[in-house]
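Q: pasting the sequence and the predicted model now:
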Amino acid sequence: MNEQRARVLYDFDEGQPGEMIIRADDILTILNEQVGGGWYEARNSRGDIGLIPAVYVEMLPPSLPPPPLPQMAAPPLPSVPPKPTPGAGFSNANNARESNVPAPSYNKPDSWDEWDVPVQTPSTLAPPAPIDDGDEWSDGDWDDNGDEKQSTGDTVSVASRGGGGSVRSSKSGFMGRFSVFVKSGGESYLLGTMRAPQSQTMDKSTIEIDELGNPYWLRYSELYGCVVAEPSKSKKFHGMKSFIAYQLTPSNTSFSVSRRYKHFDWVYERLATKFAIICVPPLPEKQVSGRFDQDFINFRMDQLQLWVSRMCRHPVISNCEVFKHFLTCADDKAWKQGKRRCEKDEYVAGAYFLAINAPSTALEIEDIEKETEQFTKFNKSLDGSLKIIVNTFHDNVKRHKGPFNKEFLRISSGFQGLANSFDIDGHTAGKPLNDAIRATSDVYKSIAELYVQQPDVDSTPLLHKLHEYSGMVSTFPDVLAIHRGSINKVKDCQRNVQEQKMDRDELALIQHKCDTVSYGMLAEINHFHAERVHDYKDMMVNYLQGQIDFFQNITDKLQSALNEYSNI
């Protein structure tokens, strides 16, 4: 059997039992790709077996089995006639020797079966059953007719880790979106051959130009937010199935609805499928193990809060029917009806461009390509910088809770031992000094505890935001690919005009539709930059204020220890 091998793209340190440490450029053997939740089971060169994030590796081309060797032919006999006596004996002996040599096994017609028989490893003997964390679709959950299986979105998981959890990355998922864009009529939209949807859409999107000449999405409704809180463990099927439900409370209704992770997954699928040119950030990934641990539940809730808040701030998504249905519908019957309606939406992927009201001003392809190239460089650079800073802060959190804490505890223990030794002396004159040294020991012990607690105040929230941006950045290459496909189609049409295979009026119409795609991409890029400036300002202010408070607290404690010596 040919084993599937993969090359590691990024370093990964295990965060949960069963996960395996990997380093960039390691070559792994993939044992099981069906683990689920964005994980593979793999074996490294040392024989260690564990779980790894799927998007941290790239598959290597399978090594083909060696081709069959040519049939061994007997060497040609010399043309000189053999001598009567000794020659005949030699010839018979040679023929006998050749007849006793078995044919090589690789010449047997069925010998290739040996390459195709699976090796019976633990992962191939019994594939693991799907992990039931209460997040998967199940009959009777929403719709007895199984409408939930009609979702066309392609989401693939997982990506970066940090702060004790995992975050879904959507590179493969958004490549699926690009395929949906093509298959559902992206090219037909440009060429004017798309069949017009039979229904009207309420999700109209308008792009306008600001005073600086930059396209932006027009906001139709007032800006609102949504709080994700109160995670609670629930059961169904007489306790056989457990799941976590969260309470979502939009600020524009103040009415709470209960949502499980699978509800988030459904709305993500619909949004990612519908808005091919909009950055829909990935959700936090499902957890393979420890899904009911309180730390994981809190981490997931924080990530879901970031995701919902991001969607609420987007001018287009916050006003679309599927997202409002997700945030507000509490009645089971109304939910099923709205769910079916959203899944029958005709304005998805390529057809969504029919719902965009873009400026009529024509765009120059050369100018758009320059802007696109500039943003591509920016996005690639940001992606690399985010990987570095995420790893840096992940290590910093570990040091705070490990080496830093232990170091200050050792100092505390050293001072405590010194004070105990001084107590043996028994002189009353030395008692104030002994008490001051013991107080110093207590101060260093409290400082050690501060180092353990501090990441939860500043570093971990910063990590959560950085993870969110890592997911957002991963969506843009495929959004840009959709736009690039439109530009290339226009260039093809321009060549057709030069070759008199297409008339200029038809080209002008195609260019106008390509402008709609370009305006959508530019509006999304400008929205991203506006959000980025606002977010990173808040991130840096909060982090630096947390660091100032942290070191000020340490300074105050050290000052209190110093004051103990003033009266000795």
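A: Arrived safely.

Q: helices of this protein, start to end?
A: Remark: helices assigned in the chain by DSSP state H are 86-99, 113-116, 122-125, 171-183, 186-191, 261-274, 294-313, 321-328, 332-343, 365-399, 405-425, 431-453, 459-498, 504-563.

Q: which of those is buried the deepest?
A: helix 261-274 (a mean of 23; mean count of other CB atoms under 10 Å). (C-beta placed from N, C-alpha, C; glycine too.)

Q: ok, Q4 - contacts?
A: 29-30, 33, 59-60, 62 (CB atoms under 8 Å, 6 or more residues apart in numbering).

Q: could you dump the helices of the chain into TSV and include mean pLDDT?
A: Putting the helices of the chain into TSV (pLDDT from 0 to 100) gives the following:
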stretch	mean pLDDT
helix 86-99	38
helix 113-116	34
helix 122-125	36
helix 171-183	40
helix 186-191	73
helix 261-274	92
helix 294-313	89
helix 321-328	93
helix 332-343	90
helix 365-399	94
helix 405-425	93
helix 431-453	95
helix 459-498	90
helix 504-563	95
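
Q: nearest to N357, out of these?
A: Distance to N357, taken as CB to CB, is lowest for helix 504-563 among the helices of the chain, at 8.9 Å.

Q: how deep is A24 tucked in, by neighbour count?
A: For A24, the count of nearby residues is 11 (other CB atoms under 10 Å).

Q: now the phi/psi pair for it, please.
A: Dihedral angles of A24 (phi, psi; degrees, to the nearest 10) stand at phi -50, psi 140.

Q: quick check, it in contact with V8.
A: Yes - with contact defined as CB atoms under 8 Å, A24 reaches V8; the gap is 5.5 Å.

Q: roughly how far apart are A349 and T29?
A: Distance of A349 to T29, computed by CB to CB, to the nearest Å: 37 Å.

Q: more neighbours: which of the two?
A: More neighbours surround A349 than the other of A349 and T29, with 26 against 16 (other CB under 10 Å).

Q: re the thing from before, return the item of the contacts of Q4 having minimum pLDDT.
A: In terms of pLDDT, P62 ranks lowest among those, with 72.

Q: from T475, how far off is it?
A: From P62 to T475 the distance is 30 Å (CB to CB).

Q: same thing with K236?
A: Counting by CB to CB - K236 and T475 are separated by 34 Å.

Q: L418 too?
A: Between L418 and T475 the distance is 58 Å, computed by CB to CB.

Q: now A419
A: Where T475 is concerned, A419 sits at a distance of 59 Å (CB to CB).

Q: and H325, by the same measure?
A: 23 Å.

Q: and I278, by the same measure?
A: I278 is 9 Å from T475, by CB to CB.

Q: what does F375 give?
A: In terms of CB to CB, F375 sits 13 Å off from T475.

Q: same question for P197.
A: 25 Å.

Q: and for F528?
A: For F528, the distance to T475 - CB to CB - is 10 Å.

Q: which neighbours do those two have in common?
A: Common neighbours of F528 and T475, using CB under 8 Å, 6+ apart, are C279.

Q: I figured T516 hits A358, correct?
A: Yes - T516 is within contact range of A358, at 4.4 Å (criterion: CB under 8 Å).

Q: related to what we said a few turns ago, which among the contacts of Q4 end up buried?
A: 29-30 (16 or more other CB atoms under 10 Å).

Q: out of the contacts of Q4, flag the one nearest to E285.
A: When the contacts of Q4 are compared against E285 (criterion: CB to CB), the nearest one is E33, at 15.6 Å.

Q: excluding chain neighbours, what is closest to the closest one?
A: Leaving aside its chain neighbours, E33 sits nearest to Y40 (5.6 Å; criterion: CB to CB, 6 or more residues apart in numbering).

Q: next one: R341
A: E321 (7.8 Å).

Q: ok, the one you found - contacts?
A: So E321 contacts 202-203, 338, 341-342, 345 (CB under 8 Å, 6+ apart).

Q: kindly indicate which of those lies nearest A362.
A: Nearest to A362 among these is D203, at 25.8 Å by CB to CB.

Q: what sits against the closest one?
A: Applying CB under 8 Å, 6+ apart to D203 gives the contacts 274, 316, 319-321, 345, 347, 355.

Q: please report how far it lies from T555.
A: D203 is 55 Å from T555, by CB to CB.

Q: V541 too?
A: For V541, the distance to T555 - CB to CB - is 21 Å.

Q: cool, D442 as well?
A: 16 Å.

Q: for G417, same thing?
A: 25 Å.

Q: over to A419?
A: Taking CB to CB, one finds A419 at 23 Å from T555.

Q: contact partners for F476?
A: Residues in contact with F476 (CB under 8 Å, 6+ apart) are 279, 375, 379, 528.

Q: now, the most widely separated pair of those residues?
A: C279 and F375 (11.9 Å).

Q: so what's I278 up against?
A: I278 makes contact with 271, 314, 316-317, 479, 520, 524 under the criterion CB under 8 Å, 6+ apart.

Q: on the pLDDT front, check it for me.
A: pLDDT recorded at I278 is 92.

Q: then T249?
A: According to the prediction, T249 has pLDDT 94.

Q: just to check, it is in contact with F255?
A: Yes - using CB under 8 Å, T249 is in contact with F255, at 7.1 Å.

Q: reformat the contacts of D203 as TSV; add distance to I510.
A: Listed next are the contacts of D203 as TSV, based on distance: CB to CB, whole Å:
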residue	distance to I510
K274	23
V316	24
N319	29
C320	27
E321	30
D345	25
Y347	20
A355	19
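
Q: save the helices of the chain as JSON lines, and put in distance to P17 too.
A: Listed next are the helices of the chain as JSON lines, based on distance: least, CB to CB, whole Å:
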{"stretch": "helix 86-99", "distance to P17": "61"}
{"stretch": "helix 113-116", "distance to P17": "35"}
{"stretch": "helix 122-125", "distance to P17": "17"}
{"stretch": "helix 171-183", "distance to P17": "27"}
{"stretch": "helix 186-191", "distance to P17": "45"}
{"stretch": "helix 261-274", "distance to P17": "22"}
{"stretch": "helix 294-313", "distance to P17": "13"}
{"stretch": "helix 321-328", "distance to P17": "34"}
{"stretch": "helix 332-343", "distance to P17": "37"}
{"stretch": "helix 365-399", "distance to P17": "17"}
{"stretch": "helix 405-425", "distance to P17": "22"}
{"stretch": "helix 431-453", "distance to P17": "21"}
{"stretch": "helix 459-498", "distance to P17": "21"}
{"stretch": "helix 504-563", "distance to P17": "31"}
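
Q: of all these, which lies closest to I209?
A: helix 504-563 (9.0 Å).

Q: which other helices and strands contact the closest one?
A: On a contact count with 3 or more CB pairs under 8 Å, 6 or more residues apart in numbering; DSSP states H and E, helix 504-563 meets helix 186-191, strand 205-209, strand 215-217, strand 356-357, helix 365-399, helix 431-453, helix 459-498.

Q: how about 6 Å then?
A: If you count contacts as 3 or more CB pairs under 6 Å, 6 or more residues apart in numbering; DSSP states H and E, helix 504-563 packs onto strand 215-217, helix 431-453, helix 459-498.

Q: for Y565, find the nearest of the ones you listed.
A: helix 431-453 (5.1 Å).

Q: who's in contact with that closest one?
A: Contact with helix 431-453 is made by 400-401, 404-405, 408-409, 411-412, 415-416, 418-419, 422-423, 554, 557, 561, 564-565, 568, as judged by CB atoms under 6 Å, 6 or more residues apart in numbering.

Q: residues near the closest residue to Y347 other than its chain neighbours, how many?
A: Residue nearest to Y347 in three dimensions, not counting chain neighbours: T201, with 4.5 Å by CB to CB, 6+ apart. By other CB under 10 Å, the residues close to T201 number 18.

Q: and T201, what pLDDT?
A: 72.
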